[in-house]
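Colleague: no sequence on this one, just coordinates:
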């Protein structure tokens, strides 16, 4: 069975580093744990490090784990109106962009006697969820007219880097600040929270201050993987090996690099592409798509490249590897975000916890 080693000590270091940076900048950190599906030992590590609020996108994850959490989390995916009952019971707040959904949340919050906070999402260029900037004032007016004793409009939010790869700059960061000030001035409504999402912000925050109205950031990948997404860059001050994916060599043989005979589609309906590189040394590994996203793995041993996969196996070209590899050898891999998500969705991978010590 494939294995995932989780170094909770390195995770603890990453949490403290990012949280301390946020403290220095006057920012509340929402720890986004959708990538690990709120895996409880990871949740406990965050909470022991002082993190209060988690960002979670799936209500079913919260239903299963809410009794372990010290506070109700934030729903960081736009909910549907049909989810309003469970969302108001399980989440302290949610990100929203549709007035009909917000109205449903108002009815549900009163019915369930649960206070629920609304953050109106603004599309600031990443073309993900959110109202267009010119529609913010009118949408806030409609939210404020909702008759609910337990629903509260608390602020504005936006995302960067998650969908279209939009990078932070002065223009898209200042936009949210200007909109918040405009709402306060014209509607007399206090904007308690201005929330920005995306680990890509971490690189910006090292050398720049965020606009003064932005007081909350939502980050996950940088803490879990030590990676700055969108620019795909390892952060120099964070551990990028919190997770180690372990695979075993089941077969190793020299074979042609191009199959013989006519080819159709592969097991997933794709058209395979092959480059004739002659006879190559190939290793079959004990994991596939049922365990992770094989293409999102990078071997820690140079000269090993995953070239094909099915549900049960990954096939690696090991011709250029300087080490002498044999059947039964164990290989270590780093994971990207997609590979990490697939691992935590898989029931076929064993999780092993270690706890190295690192000062923060």
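Modeller: Alright, I've got the coordinates. Nothing here was measured: the structure is a model prediction, and the numbers come from that model. Numbers count the residues shown, from 1 in each chain.

Colleague: is residue 251 located within a strand, as I assumed?
Modeller: Yes - Residue 251: assigned to a strand according to DSSP: H, G, I helix; E, B strand; the rest coil.

Colleague: partners of residue 7 in the sheet?
Modeller: Beta-bridge pairing for residue 7 (DSSP bridges): residue 354.

Colleague: quick one: neighbours of it, just the number.
Modeller: Residue 7 is flanked by 20 other residues according to other Cβ atoms under 10 Å. C-betas here are computed from N, CA, C, even on glycine.

Colleague: hang on, it packs against residue 357?
Modeller: No - checked against Cβ atoms under 8 Å, the pair residue 7 and residue 357 is beyond contact range at 10.4 Å.

Colleague: tell me where the stretch 1-150 of the chain has strands.
Modeller: Taking DSSP state E, counting those that start in this stretch as the criterion, the stretch 1-150 of the chain contains strands spanning 2-7, 28-32, 54-56, 74-75, 93-96, 116-121.

Colleague: what does the second one contact?
Modeller: Defining contact as Cβ atoms under 8 Å, 6 or more residues apart in numbering, one finds that strand 28-32 is touched by 15, 18-19, 22, 46, 51, 53-56, 74, 76, 195, 197, 215-221, 223.

Colleague: same thing but 10 Å
Modeller: If you take Cβ atoms under 10 Å, 6 or more residues apart in numbering as the criterion, strand 28-32 is touched by 15, 18-23, 42-43, 46-47, 49-57, 73-74, 76, 93, 193, 195, 197-199, 215-224.

Colleague: partner strands of that strand, parallel or antiparallel?
Modeller: strand 54-56 (parallel), strand 216-219 (parallel).

Colleague: measure residue 188 to residue 65 for me?
Modeller: Distance of residue 188 to residue 65, given as Cβ to Cβ, to the nearest Å: 39 Å.

Colleague: more neighbours: these two, which one.
Modeller: Neighbours per residue (other Cβ under 10 Å) separate residue 188 from residue 65, with residue 65 holding more: 19 against 8.

Colleague: show the pLDDT at that one.
Modeller: On pLDDT, residue 65 comes in at 88.

Colleague: so where is the protein shaky, pLDDT-wise?
Modeller: For the chain, the stretches flagged by pLDDT under 70 are 360.

Colleague: which parts of it are helices?
Modeller: Listed in chain order, the helices of the chain (DSSP state H) span 8-24, 40-48, 59-65, 84-90, 99-112, 136-144, 170-187, 201-207, 221-225, 337-345.

Colleague: nearest to residue 255, out of the ones you listed?
Modeller: helix 337-345 (25.4 Å; Cβ to Cβ).

Colleague: who touches the closest one?
Modeller: By Cβ under 10 Å, 6+ apart, the residues outside helix 337-345 that reach it are 2-4, 6, 33-39, 42, 199, 220-221, 224-225, 227, 229, 232, 242-243, 245, 287, 289-298, 333-335, 349, 351.

Colleague: about what we covered before: shared neighbours, residue 7 and residue 357?
Modeller: Counting by Cβ under 10 Å, 6+ apart, the residues touching both residue 7 and residue 357 are residue 13.

Colleague: hang on, residue 191 packs against residue 216?
Modeller: No - in terms of Cβ atoms under 10 Å, residue 191 does not count as a neighbour of residue 216; the distance is 11.3 Å.

Colleague: hey, what's in contact with both of those two?
Modeller: Contact with both residue 191 and residue 216 is made by residues residue 155, according to Cβ under 10 Å, 6+ apart.

Colleague: hey, where'd the strands end up in the stretch 201-350 of the chain?
Modeller: Listed in chain order, the strands of the stretch 201-350 of the chain (DSSP E, counting those that start in this stretch) span 216-219, 227-228, 233-234, 243-256, 279-285, 297-299, 305-309, 314-317, 330-335, 349-354.

Colleague: in contact with the closest residue to residue 278 other than its chain neighbours, which residues?
Modeller: Leaving out its chain neighbours, the residue that sits closest to residue 278 by Cβ to Cβ, 6 or more residues apart in numbering is residue 257, at 6.3 Å. Residue 257 is in contact with 274-280, 282, 307, 317, 319, counting by Cβ under 10 Å, 6+ apart.

Colleague: if we use 6 Å, what do you get?
Modeller: When contacts are counted by Cβ atoms under 6 Å, 6 or more residues apart in numbering, residue 257 is found next to 276-277, 280.

Colleague: check residue 241 too.
Modeller: Applying Cβ under 6 Å, 6+ apart, no residues qualify as near residue 241.

Colleague: quick one, phi psi at it?
Modeller: Here is the backbone geometry of residue 241 (degrees, to the nearest 10): phi -120, psi 40.

Colleague: one step back: dump the strands of the stretch 1-150 of the chain to CSV, plus distance to residue 171.
Modeller: Formatted as CSV, the strands of the stretch 1-150 of the chain follow (distance: least, Cβ to Cβ, whole Å):
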stretch, distance to residue 171
strand 2-7, 39
strand 28-32, 24
strand 54-56, 25
strand 74-75, 26
strand 93-96, 22
strand 116-121, 18
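
Colleague: right, and those - which one's nearest residue 160?
Modeller: In terms of Cβ to Cβ, the element of the strands of the stretch 1-150 of the chain nearest to residue 160 is strand 116-121, at 12.2 Å.

Colleague: elements contacting that closest one?
Modeller: strand 93-96, helix 99-112, strand 151-159 (3 or more Cβ pairs under 6 Å, 6 or more residues apart in numbering; DSSP states H and E).

Colleague: wait, residue 146 sits on residue 105?
Modeller: No - Residue 146 lies out of contact with residue 105 (Cβ atoms under 6 Å); the separation is 8.8 Å.
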